[in-house]
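[1] fold the following for me, if possible:
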Amino acid sequence: MIDMSVVDLSRLQFAATALYHFLFVPLTLGLSFMLAIMESVYVMTGRDVWRRMTLFWGTCFGINFAMGVATGIVMEFQFGMNWSYYSHYVGDVFGAPLAIEGLMAFFLEATFIGIFFFGWDRLSRVGHLAVTWLVAFGANFSALWILIANGWMQNPVGSTFNPDTMRMEIQDFMAVIFNPVAQAKFVHTVSAGYCTGAMFVMSISAIYLLRGRHTDLARRSMAVAASFGLLASLSVVVLGDESGYVTTEHQKMKLAAMEAMWHTEAAPAGIDVFAVPSQETRANTYEMKIPLVAGLITTRSISTEVPGITELVEDAKVRIRSGMTAYAALARVKADKTDAKARQVFDAHWRDLGYGLLLKRYTDDVATASADLVDKAAWDTVPDVRTLFWSFRIMVACGIYLIAFFGLAFWLSTKHRLGASRAWLWLAILSLPVPWIAIELGWVVAEYGRQPWVVEGVLPTFYAASGLTFTDLAISLAFFLVLYTSLAIVEVILMVRVIRHGPSDKALALEGFAGSAHLPTGAAATPDR
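    Residues are numbered from 1 along each chain as shown. So this is what the prediction gives:
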């Protein structure tokens, strides 16, 4: 029998390290393009304040990038440590985009970041600007390949199961790359990162304006952040809608759990603004519903039903029974590789093999499992509805708030009043955590909502874990939590130190990072111009 405590601890460890890691990633994505914009203005105008802005925010970017790399490397090692059967089962597919991301991150992105920091006095203005743009594109391409890998876990296209190797293998790599789930996830995720970068710049600039320090730089930074943040926040909502529509097509159970929709409603379905879902009674004890909205958003029609959880469980039972047939045929193929009839049966049912594997939690004799076990396995396909319901709604509320915030910021920017109100500046400071809250909850919805699958419909999560002991995992989890907490504290200390120093050449002169080649003599000591 499967030791679920070991599986749950393995999941907790990966979730903790992933959520820590994603504290750094969105800020890296957001700051990268803002640096490129600021340096572009510097190259076009020659005004030193824009160069100093690029240097200052670039230092924050560098600290954050280093922390992101340090926390990201550990995540990749966990595939071999905690999820060894996952690595064996789908490594041929999952490993390809992960390897490309490694090349992008460590050979392309890291190389140009080094040139960005130490090339100010070695390259022309245009040459250094080109490097900065390459840093921005490199960071986003790196994210693309990670999200292609993750998108395949949500919608495993372009691959098939080989009964001879007992592994999933790529059949169409272009289908993996252009997976609609991966593409929707990519644009939605990077747009959220842009919001994070804009909010970071906005909040730190507000601190300077409240203290009356570096006001010229702070006002310009806030103006850039207001425009960039408004576009990004609008993109997050629009692209989030597309991501939700793709979920309707490929992950119906996740969508039903997000909406706490226990039964299929007449089209177009209503949306619960507030509800108290109960996994025990398989119903909502209280709900406040707006008619029609869920159907219109998720299906973009007034005639298409959104299937409910109960009906989807019945569909899962059908697929589990088909998976039992696939499992029995696979056993015959393993015993006799020349058994053509068994291969024919397996080829007809292999897409449901993963559903058959859900029974391994309860019995080793999958092929003859009882109806009661089939029923239990089918209800295992329902993720925790309460967690998904509220995570999704808080995330959406944060997104709406960000649109309103950046909309107001943009309006104030057009009126040249970004620093005129202390209340507005305090609002900007207090709003700093909002994009991170939305992003972390977005990942909870994406990953927790996929349960019980590590690869949707292909490999159950409990079946993918390594054969480690509870003690092994408890010790490593404690170590990672201490390490990651220490790195987070280091990040905060370094960021606070840089922000206290402020945007001055002296504070940023890190072994040639001052950019003296672009300054006339004594320019570092002159006021902004």
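
[2] what's the longest helix in this protein?
    With residue count as the measure and DSSP state H as the assignment, the chain has helix 215-250 as its longest helix.

[3] put the alpha carbons of the helix or strand following that one into PDB.
    Read in the C-terminal direction, the helix or strand following helix 215-250 is helix 252-258, with elements assigned using DSSP states H and E. What follows is the C-alpha trace of helix 252-258 in PDB, where atoms were taken according to Å, rounded to 0.1, in the frame of the first residue of the first chain:
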ATOM      1  CA  LYS A 252     -12.700  20.300 -16.500                       C
ATOM      2  CA  MET A 253     -12.400  19.000 -13.000                       C
ATOM      3  CA  LYS A 254     -10.100  21.800 -12.000                       C
ATOM      4  CA  LEU A 255     -12.600  24.400 -13.400                       C
ATOM      5  CA  ALA A 256     -15.500  22.700 -11.600                       C
ATOM      6  CA  ALA A 257     -13.600  22.800  -8.300                       C
ATOM      7  CA  MET A 258     -12.600  26.400  -8.800                       C
END
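
[4] could you say what helices and strands helix 252-258 packs with?
    Counting by 3 or more Cβ pairs under 8 Å, 6 or more residues apart in numbering; DSSP states H and E, the packing neighbours recorded for helix 252-258 are helix 215-250, helix 309-335, helix 385-414. Heads up, the C-betas are built off the backbone N, CA and C, glycines and all.

[5] ok, 10 Å please
    In terms of contact count using 3 or more Cβ pairs under 10 Å, 6 or more residues apart in numbering; DSSP states H and E, helix 252-258 is assigned the packing partners helix 215-250, helix 293-299, helix 309-335, helix 385-414.

[6] looking at these, which is closest to residue 370?
    With distances scored as Cβ to Cβ, the stretch of the helices and strands packed on helix 252-258 nearest to residue 370 is helix 309-335 (10.9 Å).

[7] next SSE downstream of the closest one?
    helix 340-349.

[8] could you check the angle helix 309-335 makes with that following helix?
    160 degrees (axes from the mean of the first three to the mean of the last three Cα atoms, to 10 degrees).

[9] which other helices and strands does helix 340-349 contact?
    Applying 3+ Cβ pairs under 10 Å, 6+ apart, one finds that helix 340-349 makes contact with strand 159-162, helix 309-335, helix 353-357.

[10] most tightly surrounded among the ones you listed?
    Among these, the stretch with the highest mean neighbour count (mean count of other Cβ atoms under 10 Å) is helix 353-357, at a mean of 25.

[11] which other helices and strands contact that one?
    Helix 353-357 sits against helix 309-335, helix 340-349, helix 371-379, strand 453-455, strand 459-460, helix 461-464, with contacts defined as 3+ Cβ pairs under 10 Å, 6+ apart.

[12] to residue 387, which of these lies closest?
    Set against residue 387 and scored by Cβ to Cβ, those come closest in helix 309-335, at 14.2 Å.

[13] how far out from the middle of the chain is the closest one?
    In terms of Cα atoms, centre = their mean, to the nearest Å, the gap separating the centre of helix 309-335 from the centre of its chain is 31 Å.

[14] what does stretch 462-475 give?
    25 Å.

[15] and it, average pLDDT?
    With pLDDT averaged residue by residue, stretch 462-475 scores 88.

[16] first-to-last residue distance for that stretch?
    With Cα to Cα, to the nearest Å applied, stretch 462-475 spans 20 Å between its terminal residues.

[17] check stretch 166-178 too.
    The first-to-last residue distance of stretch 166-178 comes to 26 Å (Cα to Cα).

[18] hmm, who's touching that stretch?
    By Cβ atoms under 10 Å, 6 or more residues apart in numbering, the surrounding residues in contact with stretch 166-178 are 88-97, 100, 144-145, 148-149, 151-152, 155-162, 182-183, 330, 334, 354, 455, 458-459.

[19] just give the number of residues close to the closest residue to residue 503 other than its chain neighbours.
    With Cβ to Cβ, 6 or more residues apart in numbering as the measure, residue 56 is the residue that lies nearest to residue 503, at 3.4 Å, once sequence neighbours are left out. The tally of other residues near residue 56 (other Cβ atoms under 10 Å) stands at 26.
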